[in-house]
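>>> have a look; sequence and predicted model below, questions after that.
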Amino acid sequence: MGHLISIETLNLNNNRFVGELPSRLKNCEQLILVDVGENKLSGLIPVWLGENLLNLVIIILRSNQFYRSIPPQLCHLKQLQILDLSMNNISGTIPKCLNNWTTLAQKGHSSPSITHINSFQLGESSFYGLPYDDEATLTWKGVRSKYQSTLGLVKSIDLSSNMLSGEIPTEITYLVGLVSLNLSRNRLTGQIPSRIGNLQELDSLDLSGNQINGRIPINISRIYRIGYLDLSQNNLSGKIPIGNQLQTFDSAYGGNPQLCGEPLPRTCSEEEKGLGQSVLVNEDDKDGLITQGFYISMGLGFAVGFWGVCGTLLLNMSCRYTYFNFLTFLNDWLYVKAEIIRQRILNK
């Protein structure tokens, strides 16, 4: 198979293949799609996927027995659009370099489908056959569906049902073209990235079945298009943000005993309502949020500075006299300087 250097699509899903992916596949540098999902393949995820097959757009290794960590070499795949590593034995952390995936970091799509044209050469003549569209079966909003005519519109990362640990890297929030993100049923800890609201193209977000803690970022309400949300079975706490469809996802928050507010039956205490409340600002801000304390401090600083100067001038006659004398002297000095410069220019 390594001699098929012009092959663009490798679809071997739903078979009974065992062993490792053959290393000779690294010679097939024109590959755009690799789908070996639902087999019994094992071993490490090959580093040559990211080192040699730089044209890859779709990688599907779902439902196999791959183990160890996600190789950082996959971050070299700038055209990557769909990555499905779900239902394996992958451990370690999610690579922080994933913001190098240029296509996922851009909104919009080049075309609805991923089309190829059959061609072969006979002697000095080239012959072209009928075009064909790639297809792939993906899990979308918890349902397995086949995509072909709209495959080019899908931008998805599915790392669910593995043994990934550590925090969700903030770099994932740079992938603003993502339409589906599934990190469920892992061992992820830490908090939901504060800039999660940057992913405004998301239609499906599933972070369920982890050990994520802290509050739900208020800017998650910026994701206006979201149609499926599941944050259940974590250690989230505090008040559920209000906005858009967040109160319509009845089963999205279960298994978080410290969460409160609609749509959950548990009402929030005054402390839970006020703790960590924040005001949204420009998303270019460092963490996307500024607390109310920031504005209170700014107001107090202005008041103290203003009355520290003006109050002194109003109440102390000698300071007021000295201050206005200085302004008069400064005005005269600037006037004389301006006249000298003007005369020099006229004399030239």
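Happy to help now that I have it.
>>> name the residue closest to the centre of the chain, please.
Taking CA atoms, centre = their mean, the centroid of the chain lies closest to residue 173, which sits 2.2 Å from it.
>>> distance of the nearest residue to it once chain neighbours are set aside from residue 171?
Nearest residue to residue 173, sequence neighbours excluded (CB to CB, 6 or more residues apart in numbering): residue 195, at 4.1 Å. (Each C-beta comes from the backbone N, C-alpha and C, glycine too.) For residue 195, the distance to residue 171 (CB to CB, to the nearest Å) stands at 10 Å.
>>> and for residue 205?
In terms of CB to CB, residue 205 sits 17 Å off from residue 171.
>>> again, but for residue 151
As judged by CB to CB, residue 151 and residue 171 stand 26 Å apart.
>>> if I pick the residue nearest to the centre of the chain, what's in contact with it?
Shown in contact with residue 173 (CB atoms under 8 Å, 6 or more residues apart in numbering): 193, 195, 196, 198, 199.
>>> residue 100 now?
Residue 100 neighbours (CB under 8 Å, 6+ apart): 75, 76, 78.
>>> let me know the closest of those to residue 84.
residue 75 (16.5 Å; CB to CB).
>>> my guess is that closest one contacts residue 49, does it?
No - counting by CB atoms under 8 Å, residue 49 is not a contact partner of residue 75; they are 11.1 Å apart.
>>> neighbour count: those two, which is higher?
Using other CB atoms under 10 Å, the more surrounded residue of residue 75 and residue 49 is residue 49, with 22 against 18.
>>> so which helix or strand takes in that one?
Using DSSP states H and E, residue 49 sits in helix 48-51.
>>> give the buried residues for the helix or strand following that helix.
The first helix or strand that comes after helix 48-51 along the chain, using DSSP H and E, is strand 58-60. Of the residues in strand 58-60, 58, 59, 60 count as buried by neighbour count, 16 or more other CB atoms under 10 Å.
>>> just stretch 36-55 next, same as before
Those would be 36, 37, 38, 39, 41, 45, 46, 49, 50, 52, 53, for stretch 36-55 by 16+ other CB under 10 Å.
>>> residue 14 is in contact with the third one, correct?
Meaning residue 38. Yes - at 4.5 Å, residue 38 and residue 14 qualify as touching, with contact defined as CB under 8 Å.
>>> one step back: got TSV for the contacts of residue 173, with secondary structure too?
Formatted as TSV, these follow (DSSP: H, G, I helix; E, B strand; the rest coil):
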residue	secondary structure
193	coil
195	coil
196	helix
198	helix
199	coil
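>>> can you tell me which of those residues lies nearest to residue 266?
residue 196 (23.1 Å).
>>> how much space between that closest one and residue 231?
Counting by CB to CB, the gap from residue 196 to residue 231 is 11 Å.
>>> what do those two both touch?
If you check residue 196 and residue 231 against CB under 8 Å, 6+ apart, no residue is contacted by both.
>>> SS state for residue 99?
Classified using three-state DSSP, residue 99 is helix.
>>> which of residue 151 and residue 171 has more neighbours?
Shown here are residue 151 and residue 171; by other CB under 10 Å, residue 151 has more neighbours (23 against 18).
>>> so what pLDDT did the nearest residue to that one once chain neighbours are set aside get?
Nearest-residue entry for residue 151: residue 114, 5.4 Å, with adjacent residues in sequence omitted and distances by CB to CB, 6+ apart. As predicted, residue 114 sits at a pLDDT of 76.
>>> residue 114: how many residues sit nearby?
Residues near residue 114, counting by other CB under 10 Å: 24.
>>> now do the same contact list for it.
32, 33, 57, 58, 133, 134, 151, 152.
>>> I'd like those as JSON lines, with distance to residue 69, secondary structure and pLDDT appended.
Formatted as JSON lines, those follow (distance: CB to CB, whole Å; DSSP: H, G, I helix; E, B strand; the rest coil; pLDDT from 0 to 100):
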{"residue": "32", "distance to residue 69": "25", "secondary structure": "coil", "pLDDT": "92"}
{"residue": "33", "distance to residue 69": "24", "secondary structure": "strand", "pLDDT": "93"}
{"residue": "57", "distance to residue 69": "23", "secondary structure": "coil", "pLDDT": "94"}
{"residue": "58", "distance to residue 69": "21", "secondary structure": "strand", "pLDDT": "94"}
{"residue": "133", "distance to residue 69": "34", "secondary structure": "strand", "pLDDT": "78"}
{"residue": "134", "distance to residue 69": "28", "secondary structure": "coil", "pLDDT": "79"}
{"residue": "151", "distance to residue 69": "28", "secondary structure": "helix", "pLDDT": "84"}
{"residue": "152", "distance to residue 69": "30", "secondary structure": "helix", "pLDDT": "82"}
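>>> ok, so of the residues you listed, who is nearest residue 211?
residue 58 (30.3 Å).
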